[in-house]
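J.: I'll drop the sequence and a predicted model, then ask my questions.
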Amino acid sequence: MSCRRQRNDVSAAWVLSFLAAFSISIAAPSSARGAGDGSIAAWGCQGGGTDFGQCNVPAPNADFVAVAAGYYHSLGLKADGSIVAWGRDDFGQTTNIPVPNTDFVAIAAGERHSLGLKANGSIVAWGRNDFGQTTNLPGPNTDFIAVAAGDGISLGLKANGTIVAWGYTGNGIQTVPPPGTDFIAVAASGGHALGLKTDSSIVAWGLHDYDQIWVPEPNTGFIAAAAGVQYSLGLKGDRSIVGWGRNNYGQRDAPPPNTGFMGVAGGYQHSLGVKTNGSIVVWGQDVFGQTALPVPNTGFIAVAAGVFHSLALEGGGACCLTNGTCLQLASQSQCDAQSGVFHGLGSSCGGDLDGDSIADTCDQCPFDPTNTITPEGQCIPTLSQWGLIVMAGLVAAAGGSILAKRRRAAVS
């Protein structure tokens, strides 16, 4: 079903507002946290000597457009092109952001180093440099469109579809398999890397002690890739997640229903997925609370995972596509690019009250699975809605009776 004109469900809206006025609680579509202001939720820093402040997002926690998680440090990219960093800083990975701290368009965090991609296509790096991961970038430092970082390794994706790697040289991590072209995305973690191709296949290379570079068949239909430590994740076009590699905590197996995902991230032994309705799913190891979920769990557009901590970017709004699908996107322009209808910053896809597989925000008749419209453009109330209307009438009558009695008592 398609996403039709703006909702004109008079009866449903009237029932909701009427019952709310009498403090009667019924289920209603959920809304995004805050105002979709680009804040970051962080969790998983509960003791065990693992808390380096990587969950303490600096104020003001707003206007972020991207997040990245290193082993024990975190990065956030602001809408003004500046980078904010916090957490472990033993090699300056959070405090030594090169100046001017402006004009950044993408970020990546490795074990103890950080990368920033500038609007002019150049890469800036800082932090630990024992393998040259921050200084040995091969020239020319231009025409990059994406960055990734792992354990002592840095990677940059060029506009021509090639990948450049520098830093640690062991395990073949710098050797991109031939022909080494037609890449559209890159990811890295630990000692291996992943590249997503224009034909929707994934190429993997580097350390393979747990088969983390052996992509399962059919190796096609992927739209995103993420690398955890010793395991890998791929997001398919049908919005399901495929995992391979180490699985001692179930970190590669997305829990059912494995559908509706629009983003994925891999940490040390836990994974995150963000759904098209803006909710987050976490699975794998939970020693330090890294799989606990933020409340309310809605309105998110991106996720990142460190060794034991998790990050989620809140913001954007609900975008209704012509086929009825709802996506949580960062901006009006992103929604326009998919010919969708944007419901404003802070909006959320919500649930599916009538079970018709159309998110309530995109559903003209969220209480009617048949979506029956009158000639006047209104939804025909279902039997359950008529029950609510009758109940509302009874509540109104009872309320009127109580008020009348109080008036008579006051007069007497």
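T.: Nice, I can see it.
J.: how about the nearest residue to the residue sitting nearest the centre point of the chain, chain neighbours excluded?
T.: Nearest residue to the geometric centre of the chain (CA atoms, centre = their mean): residue 302, 2.3 Å. Leaving aside its chain neighbours, residue 302 sits nearest to residue 313 (4.2 Å; criterion: CB to CB, 6 or more residues apart in numbering). Yep, even glycine has a C-beta here, placed from its N, CA and C like the rest.
J.: residue 173 too?
T.: What sits nearest to residue 173 in space, not counting adjacent residues and going by CB to CB, 6+ apart, is residue 206, at 4.0 Å.
J.: now do residue 248
T.: Among residues not flanking residue 248 along the chain, residue 269 sits closest, at 6.8 Å (CB to CB, 6+ apart).
J.: and the residue nearest to the centre of the chain, which of the three is it?
T.: Assigned with DSSP: H, G, I helix; E, B strand; the rest coil, residue 302 falls in the strand class.
J.: is it in contact with residue 274, as I believe?
T.: Yes - using CB atoms under 8 Å, residue 302 is in contact with residue 274, at 6.4 Å.
J.: okay, and the common contacts of the two?
T.: Where contact means CB atoms under 8 Å, 6 or more residues apart in numbering, the residues bridging residue 302 and residue 274 through contact with each are 263, 312.
J.: on that earlier part again, wait, a helix at the residue nearest to residue 302?
T.: No - counting by three-state DSSP, residue 313 is not part of a helix but strand.
J.: what bridges to it?
T.: Here residue 313 shows beta-bridge partners residue 40, residue 302, assigned using DSSP bridges.
J.: and the pLDDT for the residue nearest to residue 173?
T.: Reported pLDDT at residue 206 in the predicted model: 98.
J.: what are the ranges of the strands in the stretch 151-300 of the chain?
T.: Across the stretch 151-300 of the chain, reading from the start of the chain, the strands by DSSP state E, counting those that start in this stretch fall at 153-158, 163-167, 183-189, 192-197, 202-206, 222-228, 231-236, 241-245, 261-266, 270-275, 280-284, 300-305.
J.: may I see these organised as TSV, with distance to residue 290 added?
T.: Putting the strands of the stretch 151-300 of the chain into TSV (distance: least, CB to CB, whole Å) gives the following:
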stretch	distance to residue 290
strand 153-158	23
strand 163-167	26
strand 183-189	15
strand 192-197	21
strand 202-206	24
strand 222-228	12
strand 231-236	15
strand 241-245	17
strand 261-266	11
strand 270-275	5
strand 280-284	7
strand 300-305	8
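J.: pretty sure residue 152 is touching residue 166, no?
T.: No - if you go by CB under 8 Å, residue 152 and residue 166 don't touch, sitting 10.2 Å apart.
J.: what touches both of the two?
T.: Jointly contacting residue 152 and residue 166 under the rule CB under 8 Å, 6+ apart are residue 133.
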